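Engineer: just to be clear, the model below is a prediction. Sequence and coordinates:
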2 protein chains.
Amino acid sequence: MREVAESFGYEEYNASILEPADLYRAKTGEEIVSNETYTFTDRGDREVTLRPEMTPTLARMIAAKRKELQFPIRWYSIPNLFRYEKPQRGRLREHWQLNADIFGVPGIEAEVEVISMASAIMRAFGMKDENFEVRISNRAIINFLLGDVLTLSDDLAHKVSKLIDKKAKMEPHAFAQALEILIENKSEALLSFLGAKSIAELGKLIGQKMLPDAFATTEKLMERLKAVGIQNAVFDLSLMRGFDYYTGPVFEVFDKNPENSRSVFGGGRYDDLLDIFGEAKVPAVGFGAGDVILRDLLETYNLLPEAKSATDLYLCVIGDETRSYAEQFADKLRAKGVNVAVDLTKKKVGDQIRYADKKKIPFIACIGEEEMKTGQLKVKNLKTGEEQSGTIDSLAGLLGKK
Amino acid sequence: MREVAESFGYEEYNASILEPADLYRAKTGEEIVSNETYTFTDRGDREVTLRPEMTPTLARMIAAKRKELQFPIRWYSIPNLFRYEKPQRGRLREHWQLNADIFGVPGIEAEVEVISMASAIMRAFGMKDENFEVRISNRAIINFLLGDVLTLSDDLAHKVSKLIDKKAKMEPHAFAQALEILIENKSEALLSFLGAKSIAELGKLIGQKMLPDAFATTEKLMERLKAVGIQNAVFDLSLMRGFDYYTGPVFEVFDKNPENSRSVFGGGRYDDLLDIFGEAKVPAVGFGAGDVILRDLLETYNLLPEAKSATDLYLCVIGDETRSYAEQFADKLRAKGVNVAVDLTKKKVGDQIRYADKKKIPFIACIGEEEMKTGQLKVKNLKTGEEQSGTIDSLAGLLGKK
């Protein structure tokens, strides 16, 4: 995740895990802070919370420095987040989450980039385009449909939003019933809107001539995604991604596995971010990708990366009189960017090699009297069995990085 | 720090920041847990602490898995640690600290390796060997001097240890006085012991024929350090590194700057680590290096690394019709390991370049109609002004990594 984020030009930020509890009260409400977070009073009588999400912290940081910062800003972080809730599949009390955000870009170029990055993360883990889709919606369109087209009151529109947010987890029949209880004879129209497969189809269903900009914007976004190679993007108006937060396009990476179909991660545009600090708006698009659901997904597709050793070479030492030489030899390889562990077990060479193999270190070499005389080393690849002799300079290339 | 640790074959581990408060009570006592840590009761009525140090967590992890683990184990982590204390120069409420530890090596090879790594960290930051020294002592020798040679009671020996631990921060005269109050006519002998510049000199001062193994071990350690190129190691018996913890050799990297002389970081052998979990001993050597003191040190020597952009190339976009092409071009470079940010400002090219320069991105290139036709790009190094033209394949090498 880090590699992909940096490949798109995103810079890492970090912050303390402790925040004033009020930071979350303002946005998520008293109840959630009291019941679902780790909140406590410190020795200085401050109420503090272990961050349950990164966005309020990010907003605080951007608000504090907005005059010094050069916009657009591309930032990412992979923080640990804490929620006091019953641990279950997909949800743990502590988890890690990639947060990638871009500030200062009002146009859909920002969405194209962020969705490209989300897609690139799936591909980087080996996921095939046909196994997932990128669902796209726009909060401004939903607001227009509920408020202007169906003329629902704010309160009713909010309730309907909440219901739509739960649609993916309900039987179609149960959803239709619940919708009818809420908005009666308007439910059929809304159901047809939610079923629209494209902006053009939705436009026809509405039948109005004057549509808000969000329609054209979303159509353009769908086109631009195809143009940059995101062929699995689909328009899906029933996508809400929560309901209080976003102001424009929202998206979600969705696992199409029929036995396990669900949202993997997502995000969207939230231009009102800095409101809670009384600051003027800053255009913002971002997404979060948690480690727990991603891990479950990769396990399902048998794509979980194998644990690799950070060590390149295990240097076996034959006889204690060659130890200092081996250690200095190792230092010279380290200076060339090779990660080298020197044997300290003093066991038989066979045992030293077995140890390296168990630690999944890819290469081994032995240092004895002969190697001390010649300065030549024989390096063995433990997986393929291939051997290669050389000096420090030629070996660094074989093992090598940097 | 991460690069150096991995170059020595150390593998990263991690853990939650929350631990049961009892984990620290067992080792550091009720008072410290209550007064100097962030400790609170969670919603499940558990008393939990934000870790003030990593070693108890590490001990817990090793104890829980010792039967499955392949010893020796080389592990490192760079955790954040929390202490509730008045923030001041060198001490903050949250700081980050490298912890590197090796388990399962009873001989001084472990000390040689860990001290080499500590030294390599100083060198990696640009510190010159003549500006710092590596002080070496051995807790077993101090215990022998206080108990066997000076025949102090355990209680008195403990008080004297505490006093020696403060020696570096006291005037020599004040230290001698305080020592005399504690142990009267034995203070002169102890002062001479503490002044010994080598094990040989100390041996002569003691004048006994039968010295414990720790003497030979420490002498051998000093020799081996010289043999692997650590020329600035010095024997200094007054080095304590705390007083309850270590069981053998201890060391410390010390800043020799006369205006700022102080310990930068250090560690030692603590073979009794797993005692608190009722597990048998495991030989262990490790050290910790905090970010705050290291940062102060590097500032003093003007060695603080300049903030570098993680982005290699800023791709300026001339005209919106080339945008999709630019984004796909960027994707191809990303696949070759180049980190590319594509311009989304839609400003004039001059402004795009100025933005890249302010963000300290080293290279820029522009994509317009011409580049779309030829597939050739002109890359400019913003620092040197050098320009180079090429295709994706040839440019990836220039900008490149992986």
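Structural biologist: Okay, I see it. Residues are numbered from 1 along each chain as shown, chains lettered A, B, ... in the order given.

Engineer: ranges for the strands of the stretch 251-400 of chain A?
Structural biologist: A:262-269, A:284-290, A:313-317, A:340-342, A:363-367, A:377-381, A:387-390 (DSSP state E, counting those that start in this stretch).

Engineer: which residues touch residue A:279?
Structural biologist: Residue A:279 sits next to A:63, A:66 when contact means CB atoms under 8 Å, 6 or more residues apart in numbering or on different chains. Quick note: C-beta positions are derived from backbone N, CA and C, even for glycine.

Engineer: so residue A:31 is in which element?
Structural biologist: Counting by DSSP states H and E, the secondary-structure element that holds residue A:31 is helix A:30-36.

Engineer: give the other helices and strands that that helix contacts.
Structural biologist: In terms of contacts (3 or more CB pairs under 8 Å, 6 or more residues apart in numbering or on different chains; DSSP states H and E), helix A:30-36 is packed against helix A:22-28.

Engineer: got the CA coordinates for the helix it packs on in PDB?
Structural biologist: Coordinates of each C-alpha in helix A:22-28 appear next as PDB, following Å, rounded to 0.1, in the frame of the first residue of the first chain:
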ATOM      1  CA  ASP A  22     -14.000  16.800  21.700                       C
ATOM      2  CA  LEU A  23     -12.500  16.300  18.200                       C
ATOM      3  CA  TYR A  24     -14.800  13.300  17.700                       C
ATOM      4  CA  ARG A  25     -17.800  14.600  19.600                       C
ATOM      5  CA  ALA A  26     -18.100  17.500  17.100                       C
ATOM      6  CA  LYS A  27     -18.400  15.200  14.200                       C
ATOM      7  CA  THR A  28     -19.700  11.800  15.300                       C
END
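
Engineer: on the strand side of things, show who the nearest residue in space to residue A:266 that is not next to it in sequence bridges to.
Structural biologist: With CB to CB, 6 or more residues apart in numbering or on different chains as the criterion, residue A:266 has its nearest non-adjacent residue at 3.4 Å, and that residue is residue A:252. Residue A:252 forms beta bridges with residue A:135, residue A:266, as assigned by DSSP bridges.

Engineer: export the strands of the stretch 251-400 of chain A to JSON lines and tack on distance to residue A:43 and mean pLDDT?
Structural biologist: Compiled in JSON lines, the strands of the stretch 251-400 of chain A are given as follows (distance: least, CB to CB, whole Å; pLDDT from 0 to 100):
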{"stretch": "strand A:262-269", "distance to residue A:43": "37", "mean pLDDT": "93"}
{"stretch": "strand A:284-290", "distance to residue A:43": "32", "mean pLDDT": "96"}
{"stretch": "strand A:313-317", "distance to residue A:43": "48", "mean pLDDT": "97"}
{"stretch": "strand A:340-342", "distance to residue A:43": "43", "mean pLDDT": "97"}
{"stretch": "strand A:363-367", "distance to residue A:43": "52", "mean pLDDT": "96"}
{"stretch": "strand A:377-381", "distance to residue A:43": "56", "mean pLDDT": "94"}
{"stretch": "strand A:387-390", "distance to residue A:43": "60", "mean pLDDT": "92"}
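
Engineer: and residue A:297, what does it touch?
Structural biologist: Here residue A:297 is in contact with A:127, A:255, A:260, A:264 (CB under 8 Å, 6+ apart).

Engineer: check it and give its pLDDT.
Structural biologist: You'll see residue A:297 listed with a pLDDT of 94.

Engineer: same check, this time on residue A:113
Structural biologist: According to the predicted model, the pLDDT of residue A:113 comes to 97.

Engineer: mind checking how far it is from residue A:10?
Structural biologist: With the distance defined as CB to CB, to the nearest Å, residue A:113 ends up 10 Å from residue A:10.

Engineer: and if you look at residue A:66?
Structural biologist: Relative to residue A:10, residue A:66 is positioned 18 Å away (criterion: CB to CB).

Engineer: so the two - more neighbours on which side?
Structural biologist: A direct count of neighbours by other CB atoms under 10 Å in any protein chain shown for residue A:66 and residue A:10 places residue A:10 higher, at 27 against 17.

Engineer: which parts of the stretch 301-402 of chain A are helices?
Structural biologist: In the stretch 301-402 of chain A, the helices defined using DSSP state H, counting those that start in this stretch lie at A:323-335, A:349-358, A:369-374, A:392-399.

Engineer: and those helices as JSON lines, adding mean neighbour count, mean pLDDT and distance to chain B?
Structural biologist: Conversion of the helices of the stretch 301-402 of chain A to JSON lines gives the following (neighbours: other CB atoms under 10 Å in any protein chain shown; pLDDT from 0 to 100; distance: least, CB to the nearest CB, whole Å):
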{"stretch": "helix A:323-335", "mean neighbour count": "20", "mean pLDDT": "93", "distance to chain B": "4"}
{"stretch": "helix A:349-358", "mean neighbour count": "16", "mean pLDDT": "96", "distance to chain B": "5"}
{"stretch": "helix A:369-374", "mean neighbour count": "13", "mean pLDDT": "92", "distance to chain B": "13"}
{"stretch": "helix A:392-399", "mean neighbour count": "16", "mean pLDDT": "84", "distance to chain B": "12"}
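
Engineer: export these to a markdown table and tack on distance to residue B:202?
Structural biologist: Converted to a markdown table, the helices of the stretch 301-402 of chain A look like this (distance: least, CB to CB, whole Å):
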| stretch | distance to residue B:202 |
| --- | --- |
| helix A:323-335 | 25 |
| helix A:349-358 | 36 |
| helix A:369-374 | 34 |
| helix A:392-399 | 39 |
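
Engineer: chain B contacts on the stretch 51-200 of chain A?
Structural biologist: Contact residues (CB under 8 Å from any CB of the partner chain) of the stretch 51-200 of chain A with chain B: A:70, A:72, A:74, A:80, A:84, A:94, A:102, A:105, A:107, A:109-110, A:112-113, A:116, A:120.

Engineer: which residue is nearest the centroid of chain A?
Structural biologist: residue A:289 (2.7 Å; CA atoms, centre = their mean).
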